[in-house]
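Chemist: Below: sequence and its predicted model.
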Amino acid sequence: MADKKKKKREIDDRFKKFGTVSFTATTKVNDFITHLEEGRVTGTRCQTCGTHYFPPRADCYRCRGKARMEWFTVEGKGKLLTYSVLQYAPVGFTEDLPYAIAVLDYGDYKVFGRIAPKVPFEELKLGMEMTTRVNRLAGGQLNYVFEPA
Ligand SMILES: [Zn+2]
């Protein structure tokens, strides 16, 4: 097709909408951002072997070429596996200090992220049940945060 060369290559940069500082603007899992806009936090699952991935991956390291990936929604309650209250942060995150990062265990997968700013650190207890929800930052950027269930 002769006119194909003339067309500008469209860049799928949906990840520019993610987080305070976006490190990755283009990936094979940009639907993650569309799902956030729809109010869902999602990961991927390999239909071939059942492995769940969060953050989402476009390929399964176990099945490689045989992998058939699908999206799943992070829903229900996860258990607070670990957390850390940060007093120092990289450039771009210093205005948020202090804030807590954490890992929730959902059984088949784990989710790494931030505790919602409104949750007092004193309320955090290992093993407590928490949920993951979409969060809209000032300026319209998207991320997700953890809150007590
Ligand atoms: Zn697999």
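Modeler: In hand now; what should we look at?

Chemist: only C-alpha atoms for contact and neighbour calcs from this point on.
Modeler: Noted.

Chemist: For Cys46, give the beta-bridge partners.
Modeler: Met69 (DSSP bridges).

Chemist: need the contact list for it.
Modeler: 52, 59-60, 67-70 (Cα atoms under 8 Å, 6 or more residues apart in numbering).

Chemist: roughly how far apart are it and the ion?
Modeler: Distance, Cys46 to the ion, using Cα to the ion, to the nearest Å: 5 Å.

Chemist: Likewise for Gln141?
Modeler: According to Cα to the ion, Gln141 stands 32 Å off from the ion.

Chemist: Repeat that for Met128.
Modeler: In terms of Cα to the ion, Met128 sits 30 Å off from the ion.

Chemist: how deep is that residue tucked in, by neighbour count?
Modeler: Neighbours of Met128 under the rule other Cα atoms under 10 Å: 15.

Chemist: Help me confirm that it comes into contact with Tyr83.
Modeler: No - look at Met128 against Tyr83 with Cα atoms under 8 Å: they stay out of range, at 11.4 Å.

Chemist: what sits against the residue nearest the centre of the chain?
Modeler: Nearest to the geometric centre of the chain sits Pro55, at 5.4 Å (Cα atoms, centre = their mean). When contacts are counted by Cα under 8 Å, 6+ apart, Pro55 is found next to 43-44, 111.

Chemist: cutoff 7 Å now
Modeler: By Cα atoms under 7 Å, 6 or more residues apart in numbering, the residues touching Pro55 are Gly43.

Chemist: Also Ala149?
Modeler: Ala149 makes contacts with 77, 129-131, as judged by Cα under 7 Å, 6+ apart.
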